[in-house]
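Visitor: What follows is a protein structure lacking sequence information:
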């Protein structure tokens, strides 16, 4: 279950900012590319580019919500999306992201690609923040 997968990540669910080491290695990936490459990115921290969030938000566990990030397909045919999990404490900040499918502005969020250990077909991005502050060591602190 998602709870069992996320149980080992309690440091990430803390109310304070999240520290990411080796920030230079964090790759930027558009939703359209990520949708087709999530399998090979398991456990990777990534920067996700998208244009809007999905309107549907499902309460999955006491402290976790399932949602989606979207962007138009590069070929101009429809949209691409990826599933995300948002911590309860981050939900207000996540809800502030536009749901307007016509939004031309690209936005970014930071997260880690994970797989639900009980539902092996459910792979998602656990969101960790929208803002990154880089320190003198080259590490980043993520906040919403």
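Guide: Yes, it's here. Values in this document were obtained by computation on a predicted structure and should not be read as measured data.
Visitor: Tell me which residues touch residue 35, please.
Guide: Residue 35 sits next to 80-82 when contact means Cβ atoms under 8 Å, 6 or more residues apart in numbering. Where you see a C-beta, it was placed from the backbone N, CA and C, and this is true even at glycine.
Visitor: So which of these wins on neighbours?
Guide: Highest neighbour count within the contacts of residue 35, by other Cβ atoms under 10 Å: residue 82, with 25 neighbours.
Visitor: That residue and residue 38 touch, don't they?
Guide: Yes: at 6.9 Å, residue 82 and residue 38 qualify as touching, with contact defined as Cβ atoms under 8 Å.
Visitor: Please tell me how far the residue most central in space within the chain sits from residue 95.
Guide: Geometric centre of the chain, nearest residue: residue 127, 3.4 Å, by Cα atoms, centre = their mean. Residue 127 is 12 Å from residue 95, where distance means Cβ to Cβ, to the nearest Å.
Visitor: Could you report the neighbour count for the nearest residue to residue 53 once chain neighbours are set aside?
Guide: Computed as Cβ to Cβ, 6 or more residues apart in numbering, the closest residue to residue 53 that is not its neighbour in sequence is residue 97, at 4.6 Å. Counted by other Cβ under 10 Å, the residues lying close to residue 97 total 18.
Visitor: How about residue 55?
Guide: 10.
Visitor: ok, back up a step: what's the pLDDT at the residue nearest to residue 53?
Guide: pLDDT recorded at residue 97 is 97.
Visitor: Do I have it right that it meets residue 52?
Guide: Yes: taking Cβ under 8 Å as the definition, residue 97 is a contact partner of residue 52 at 7.2 Å.
Visitor: how much space between the spatially closest residue to residue 24 that is not a sequence neighbour and residue 132?
Guide: Distance criterion Cβ to Cβ, 6+ apart; nearest residue to residue 24, sequence neighbours excluded, is residue 138 at 6.0 Å. Distance of residue 138 to residue 132, computed by Cβ to Cβ: 12 Å.
Visitor: Same check on residue 125?
Guide: The value you get for residue 125 to residue 132, if Cβ to Cβ is used, is 15 Å.
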